[in-house]
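Student: Would you be able to build a 3D model of this:
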Amino acid sequence: MGTTSTNANASGVVAPGESIIRRVARTKRTTCHVYNVYTRSSKGVVVTESVPLTARVAPTIAARLKTLAAIEDRSVSYLVAEALERYLADEEWQLAEIQAAVGEADAPSAHVIAQEDLESWAEQIGSNPDVPPPAGRPRGDRASAA
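Tutor: Alright, predicted model coming up:
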């Protein structure tokens, strides 16, 4: 693995105060360019508000990132951090919603609707959208489901 250090990425774009350390890893199938971005203070010490993160991506993704970074006048590190932040926010929201729905469904006061009743209702609202949804039954009431 070769290593080079620069204050700019291949497109010449880097955020103020950032240094890019580029490592090239070669395998039998591909060459992987790994960029670690470190923010340094005026004394040359790594600032701890961010941590380096290394990930392997397809060469096409790396090229797209470099192109977008140049167009937006941002660093590759900035774009990756923004993408990760959005991804994590979306996933955390989705998991929280799923957990809340499972909690509601597992609650003793929860009501359930039989699959057949839902299918019948779905057929009816095709011709009459004002048909009320089927009434649920208490979750523990297995007799009325039969």
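
Student: Need the single longest helix in this protein, by residues.
Tutor: helix 76-106 (DSSP state H).

Student: Which pLDDT does the model give the residue nearest to Glu72 when sequence neighbours are not counted?
Tutor: Excluding its sequence neighbours, the residue lying closest to Glu72 (CB to CB, 6 or more residues apart in numbering) is Leu79, at 7.3 Å. No exception for glycine: its C-beta is placed from N, CA and C like everyone else's. You'll see Leu79 listed with a pLDDT of 91.

Student: thought Leu79 was touching Leu65?
Tutor: Yes - with contact defined as CB atoms under 8 Å, Leu79 reaches Leu65; the gap is 5.8 Å.

Student: more neighbours, the two?
Tutor: Taking other CB atoms under 10 Å, Leu79 and Leu65 do not tie; Leu65 has more neighbours (20 against 16).

Student: so Leu68 touches Glu82, yeah?
Tutor: No - taking contacts as CB under 8 Å, Leu68 lies outside contact range of Glu82: 10.6 Å.

Student: Return the backbone torsion pair for Arg74.
Tutor: phi -130, psi 170 (degrees, to the nearest 10).
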